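J.: sequence plus predicted model, see below.
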Amino acid sequence: MASAAANSWDVFVVGGGPAGLATAIAARRHGLKVVVADGAVPPIDKPCGEGLMPDGVVALHNLGITIPEGIAYPFRGIRFLDNGASAEAVFPRGTAYGIRRTHLHRALWDHAAACGIRMLSQAAVTGLHPEGALLAGELVRARWVVGADGTGSRVRHWAALDQCEFDTPLDTGSHPNHEKSLRFAFRRHYRIAPWTRFMELHWGLHSQVYVTPVSHHEVCVALISSTPKSRLRIEDGLAEFPELWTRLEGAEHASSERGAITITRRLRRVYRGHTVLVGDASGGVDAITGEGLCLAFRQAALLGDCLASRDLARYQWGHRRLSRRPALMARMMLFMGRHSQLRARTMRVFQSSPRSFAGMLAMHVGEGSARDYISNGIALGWELLKA
Ligand SMILES: Cc1cc2nc3c(=O)[nH]c(=O)nc-3n(C[C@H](O)[C@H](O)[C@H](O)COP(=O)(O)OP(=O)(O)OC[C@H]3O[C@@H](n4cnc5c(N)ncnc54)[C@H](O)[C@@H]3O)c2cc1C
């Protein structure tokens with residue numbers, strides 16, 4: 001730590017989660033001198049659905065990172081299950097992976113270290129400074145400070161970047177506010193052979209459950225519910241999903257249950273002066289999309305480029321553009337989550353017209369043109385009217 005303070009850096013990344021590590025790697029690829037500090041010890045775990053969609057795999061690949069063989073489990077598409085009904089679609093292109101968060105973190109951390117980035121663990125950042133940031137009270141000089149410190153970002157607060165642009169009423173209810181877009185999640189791994197090559201999303205009245213195969217003998221279960229009142233723990237929540245419960249009942253727990261919050265939030269700005277935000281610290285989309293990692297990797301690539309060209313206004317603009325599609329998908333999925341009758345209709349359409357679900361999935365992972373999106377949307381709307 002002492003030598004980090006003795007040096008002067010181009011970029012000081014606060015937070016060594018996926019967004020921070022990817023940004024450090026992107027900046028280093030532009031030849032910048034980078035230090036990353038995280039308060040925790042790697043490999044860092046975090047409650048997550050642990051699904052890396054094909055667009056996320058491509059985003060990682062564009063940063064020069066390939067998922068090492070054997071640490072991830074490939075899956076082919078997404079299956080929705082709701083009240084006895086089931087519909088599935090295969091990704092139009094590429095491979096998705098279920099990957100234990102700790103494995104993903106280890107791969108990113110090792111890659112960053114091998115790139116010549118200075119890595120500091122158990123190193124909590126305690127404040128900002130006009131010339132850099134404070135590490136355990138000591139000044140580390142850096143031209144840029146990147147806040148990659150997650151949903152509850154303190155860097156965001158220190159840099160006075162907390163102000164949000166609230167999402168539309170479709171997303172947040174009739175009185176859009178911060179609290180309403182906040183949701184609660186729990187995650188646990190079960191030692192059981194995956195029964196499918198799909199990532200499953202089980203829709204319930206009060207919650208949604210993701211099941212992701214992460215190895216030949218393990219699945220990750222993440223349960224997300226909407227309000228503090230229904231802040232469900234996994235085992236209570238699974239009572240709503242008898243079919244899934246029958247599969248998991250008796251399976252050995254392969255990890256302890258961990259909780260997190262997930263929030264759809266768009267910030268007015270993502271940089272001020274020499275401080276800039278990335279990943280969940282810079283806003284975010286609800287976990288239901290399974291797109292948080294991909295978004296973080298794309299933001300990281302853009303930020304690395306903008307730091308090298310010293311143009312954070314371009315990052316601000318590009319950040320907004322990158323968030324648009326995942327934010328739209330989050331809104332649509334949350335809307336489905338809240339309206340069980342509409343969901344039942346949609347499931348009927350997806351079952352009778354698998355192409356409409358495949359079209360939605362393609363849009364979800366960023367495949368196809370704006371024209372495809374519009375024609376898919378119109379076709380789905382029409383089918384819904386007929387259903
Ligand atoms: C329940 C749930 C399910 C999800 N499922 C999926 C999914 O299936 N697929 C997907 O793509 N996304 C998913 N996501 C979203 C995804 O997990 C996040 O988007 C992603 O973790 C964001 O990474 P990050 O690096 O921005 O933040 P984090 O992963 O939270 O990392 C922040 C890091 O900053 C460090 N830190 C914080 N404060 C300080 C400080 N002061 N000093 C130093 N270090 C600090 C922390 O220790 C941490 O390591 C899910 C999220 C949730 C909650």
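T.: Structure's in. What do you need? Numbering: from 1, shown residues only.
J.: helix or strand for residue 46, which one?
T.: Assessed by DSSP states H and E, residue 46 sits outside every helix and strand.
J.: and residue 124, how far from the ligand?
T.: 4 Å (Cβ to the nearest ligand atom, to the nearest Å). Bear in mind the C-beta positions are built from the backbone N, C-alpha and C, glycine included.
J.: for that residue, give me its contacts.
T.: 37, 39, 135, 136 (Cβ atoms under 8 Å, 6 or more residues apart in numbering).
J.: check the closest residue to residue 149 other than its chain neighbours and give its pLDDT.
T.: Nearest in space to residue 149, with sequence neighbours left out and distances taken as Cβ to Cβ, 6 or more residues apart in numbering, is residue 15 at 3.7 Å. What the model reports for residue 15 is a pLDDT of 98.
J.: do the one 5 residues further on as well
T.: Predicted confidence (pLDDT) for residue 20: 98.
J.: and it, helix, strand or coil?
T.: What DSSP: H, G, I helix; E, B strand; the rest coil gives for residue 20 is helix.
J.: what's the spacing between it and residue 145?
T.: Between residue 20 and residue 145 the computed distance is 11 Å (Cβ to Cβ, to the nearest Å).
J.: now the common contact residues for these two.
T.: Joint contacts of residue 20 and residue 145 (Cβ under 8 Å, 6+ apart) are residue 14.
J.: now, of the contacts of residue 124, which are buried?
T.: Buried members of these, counted by 16 or more other Cβ atoms under 10 Å: 37, 39, 135.
J.: mind putting the residues you listed in a markdown table, pLDDT, secondary structure and distance to residue 214 included?
T.: A markdown table is the format used below for the buried ones among the contacts of residue 124 (pLDDT from 0 to 100; DSSP: H, G, I helix; E, B strand; the rest coil; distance: Cβ to Cβ, whole Å):
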| residue | pLDDT | secondary structure | distance to residue 214 |
| --- | --- | --- | --- |
| 37 | 98 | strand | 28 |
| 39 | 97 | coil | 26 |
| 135 | 95 | strand | 34 |
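J.: thinking again about what came up before, show the contacting residues for the residue nearest to residue 149.
T.: Counted by Cβ under 8 Å, 6+ apart, residue 15 has contacts 36, 37, 38, 147, 148, 149, 150, 153, 155, 279, 281.
J.: take those and keep only those in helices.
T.: The helices, defined by DSSP state H, take in residue 155 from the contacts of residue 15.
J.: go back to the contacts of residue 15 and keep what's next to the ligand.
T.: When Cβ under 6 Å from any ligand atom is applied, the members of those adjacent to the ligand are 37, 38, 148, 149, 150, 279, 281.
J.: assign residue 123 to helix, strand or coil.
T.: Applying three-state DSSP: residue 123 is coil.
J.: residue contacts, it?
T.: 1, 4, 37, 38, 39, 135, 136.
J.: residue 4 versus that one, what's the distance?
T.: 8 Å.
J.: so what sits against both of the two?
T.: Counting by Cβ under 8 Å, 6+ apart, the residues touching both residue 123 and residue 4 are 37, 135.
J.: name the nearest residue to residue 9, sequence neighbours excluded.
T.: residue 142 (4.2 Å).
J.: now swap in residue 107 and tell me
T.: residue 68 is the one closest to residue 107 (Cβ to Cβ, 6+ apart), at 5.9 Å.
J.: would you map the strands across the stretch 101-250 of the chain?
T.: Using DSSP state E, counting those that start in this stretch, the strands found in the stretch 101-250 of the chain span residues 118-120, 125-129, 132-135, 138-147, 164-165, 182-191, 198-203, 207-215, 218-225.
J.: any chance of those in CSV, with distance to residue 291 too?
T.: CSV is the format used below for the strands of the stretch 101-250 of the chain (distance: least, Cβ to Cβ, whole Å):
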stretch, distance to residue 291
strand 118-120, 27
strand 125-129, 27
strand 132-135, 29
strand 138-147, 20
strand 164-165, 19
strand 182-191, 15
strand 198-203, 12
strand 207-215, 12
strand 218-225, 14
